[in-house]
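In: This is a predicted model, with the sequence first.
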Amino acid sequence: MNHVAGFLLIVFLLIGGFIAITGVFIFMINEPDPNEKIYQQAAERMENRKQMLRIDSSQEVQPTERIPLRTLSTVLLTTTTPLMTDASTSAKPLTPPPLKYFDRASPVTVRVNNIVFQGLERPTTTAPKEIQAYGETRLSQVFELHPPHNQKISTILIRQNLLYLPLANGDIVAYNVSDYKPVHTINTSLVIHHLGFLANGKMVATEMRKSTLSILDENGFIEKQLNLDYDSKDMQVFNDEIYVLSRTNRNIFIYDSSLRFKRDITFDNELQETCNFIRPIEDAIFISCQSAVLEVTQIGRMIQKYSIPGGSYSLAINLLHDSLLAVVRGKPELHAFDRREGHLLTRFTSSEHKTAIWSALAIHHNKLYALEYVRNVVHVFYLP
């Protein structure tokens with residue numbers, strides 16, 4: 001009997017303890033979180049903000065309305081009222097920014113999709129002179145000369161009524177300037193880059209991808225050859241002196257008709273521009289650089305620069321009476337400068353093509369010959 005009573009007492013104690021523990025657990029679960037009020041207040045503020053944004057937005061565009069991109073861009077460009085306005089802010093019409101022009105900042109060459117841009121540019125609000133009304137003279141083309149078998153033409157020059165075309169295969173084809181028919185061909189063993197004539201009829205040549213200077217006889221055989229310790233860019237012959245422009249863009253080396261070194265000229269190229277062509281005369285040398293054509297003395301002292309703001313040159317140059325002709329890079333256009341005053345006289349333009357690289361010029365009587373390097377053709381124009 002005592003054992004039964006003890007067992008029941010133990011059972012009752014266990015049941016009571018279970019009930020007490022369960023009650024404490026339930027009480028803990030139902031106890032409110034002390035931060036719950038803060039969370040609720042924050043949620044209410046967020047909801048109020050959303051409602052305010054919906055109200056403001058509905059004044060201009062309904063949330064479910066879809067506006068085409070073209071229409072939206074038109075609204076943004078033409079409206080005089082901002083989409084989000086303030087009561088204290090007055091509406092102002094949109095005004096375009098001032099026009100920006102560009103001038104040369106540094107002599108860097110950039111090529112994009114076969115288009116050459118000379119020099120990095122910086123913006124300026126001053127309109128350059130080339131925007132103003134410079135005179136323009138149209139060139140009238142009378143003939144277009146193509147080389148045999150489409151061989152690449154390296155340069156052109158005229159001597160004794162013959163137009164000489166050195167080709168990539170080593171041939172030099174001579175054409176009659178009156179009817180543009182070939183007269184004879186001179187075979188050489190050189191891949192000629194530039195060509196000139198001495199007074200005795202012998203030829204002077206530089207080679208592509210080789211640092212040599214050669215004297216050729218009338219039949220194209222090499223009589224003398226000099227290995228140069230520099231790379232050449234251009235070569236011209238004047239008064240039986242041979243002028244060679246080096247790739248330093250500031251040095252010209254001069255040799256006699258027997259390839260003996262005579263002197264060198266260092267000219268000022270403070271912008272370190274690329275200079276590709278030269279034209280020596282009795283008392284000066286013209287040098288075609290990126291932003292201007294330089295005129296220096298026979299000892300390298302600067303005389304003057306020929307250019308207009310934004311001009312880009314470094315291509316072929318030549319002289320016509322008292323004018324300097326300079327090819328504009330990337331365009332079928334020549335700038336004619338007054339040698340005495342240095343200002344631009346006129347722009348000779350051609351409407352045959354929008355882009356061009358005229359890498360050589362020759363003048364004979366009233367005709368201008370221009371070698372189009374990319375298309376590999378010689379254009380013949382009447383000079384006005």
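Out: Here it is on my side, so go on. Fair warning: this is a prediction, and the values are worked out from it, not measured in the lab. Residues are numbered from 1 along each chain as shown.
In: residue ranges with poor pLDDT in the stretch 101-250 of the chain?
Out: Residues of the stretch 101-250 of the chain meeting the criterion pLDDT under 70: 101-133.
In: repeat that with 50
Out: By pLDDT under 50, the weakly predicted segments of the stretch 101-250 of the chain are 101-132.
In: could you pull out the strands for it?
Out: Along the stretch 101-250 of the chain, the segments classed as strands by DSSP state E, counting those that start in this stretch run 101-112, 115-124, 136-138, 140-145, 157-159, 162-166, 171-176, 182-187, 192-197, 203-207, 210-216, 222-227, 232-238, 241-246.
In: could you say what helices and strands the fourth one packs with?
Out: Read that as strand 140-145. If contacts are counted by 3 or more CB pairs under 8 Å, 6 or more residues apart in numbering; DSSP states H and E, strand 140-145 sits against strand 377-382. The C-beta positions use only the backbone N, C-alpha and C, and glycine is treated the same way.
In: who wins for proximity to Glu282 among the strands of the stretch 101-250 of the chain?
Out: Distance to Glu282, taken as CB to CB, is lowest for strand 232-238 among the strands of the stretch 101-250 of the chain, at 8.1 Å.
In: Tell me, how many residues neighbour Pro166?
Out: Counted with other CB atoms under 10 Å, the neighbours of Pro166 add up to 27.
In: can you pull the contacts of it?
Out: The contact partners of Pro166, by CB atoms under 8 Å, 6 or more residues apart in numbering, come to 153-155, 172, 192, 195, 205.
In: got a winner among those residues for most neighbours?
Out: Busiest of the contacts of Pro166 [other CB under 10 Å] is Ala205, holding 25 neighbours.
In: Might one say that that one is in contact with Ile192?
Out: Yes. Using CB atoms under 8 Å, Ala205 is in contact with Ile192, at 4.9 Å.
In: which of the contacts of Pro166 lies closest to Phe7?
Out: Nearest to Phe7 among the contacts of Pro166, with distances taken as CB to CB, is Ser154, at 122.2 Å.
In: The closest residue to the closest one other than its chain neighbours pairs with what?
Out: Distance criterion CB to CB, 6 or more residues apart in numbering; nearest residue to Ser154, sequence neighbours excluded, is Pro166 at 4.8 Å. Beta-bridge pairing of Pro166 under DSSP bridges involves Ile172.
In: got it, and Leu294?
Out: On DSSP bridges, the residues paired with Leu294 through beta bridges are Ile287, Lys305.
In: Also Ala360?
Out: Applying DSSP bridges, one finds that Ala360 bridges with Leu371.
In: which residues touch it?
Out: Neighbouring residues of Ala360 by CB under 8 Å, 6+ apart: 155-157, 316, 370-371.
In: Ranking by neighbours, what's the top pick from those residues?
Out: Result: Ala370 is most packed of the contacts of Ala360 (other CB under 10 Å), 27 neighbours.
In: Hmm, that residue is touching Ile363, no?
Out: No. Look at Ala370 against Ile363 with CB under 8 Å: they stay out of range, at 10.0 Å.
In: residues contacting Ile186?
Out: Ile186 makes contacts with 171-172, 174, 218-220, as judged by CB under 8 Å, 6+ apart.
In: cutoff 10 Å now
Out: Taking CB atoms under 10 Å, 6 or more residues apart in numbering, we find Ile186 in contact with 164, 166, 170-174, 203, 216-221.
In: Which two of the contacts of Ala360 have the greatest separation?
Out: Largest pairwise distance in those, by CB to CB, is 12.8 Å, between Leu157 and Ala370.
In: Now do the shared contacts for those two.
Out: 360-362.
In: quick one: buried residues of the helix or strand hosting Asp264?
Out: Here Asp264 sits within strand 261-266, counting by DSSP states H and E. Using 16 or more other CB atoms under 10 Å as the test for burial, strand 261-266 gives Ile265.
In: and the angle from the next helix or strand after it to strand 192-197?
Out: Going down the chain from strand 261-266, the next helix or strand is strand 275-280, by DSSP H and E. In terms of direction (axes from the mean of the first three to the mean of the last three CA atoms, to 10 degrees), strand 275-280 departs from strand 192-197 by 10 degrees.
In: how close does Cys289 sit to Glu295?
Out: 11 Å (CB to CB, to the nearest Å).
In: Overlap in contacts, those two.
Out: In contact with both Cys289 and Glu295: 267, 305, using CB under 10 Å, 6+ apart.
In: which of these two has more neighbours?
Out: Between Cys289 and Glu295, counting by other CB under 10 Å, Cys289 is the more crowded of the two (24 against 21).
In: quick one: that one and Tyr306, what's the gap?
Out: Shown here: Cys289 relative to Tyr306, a distance of 10 Å by CB to CB.
In: overlap in contacts of those two?
Out: Counting by CB under 10 Å, 6+ apart, the common neighbours of Cys289 and Tyr306 are Tyr313.
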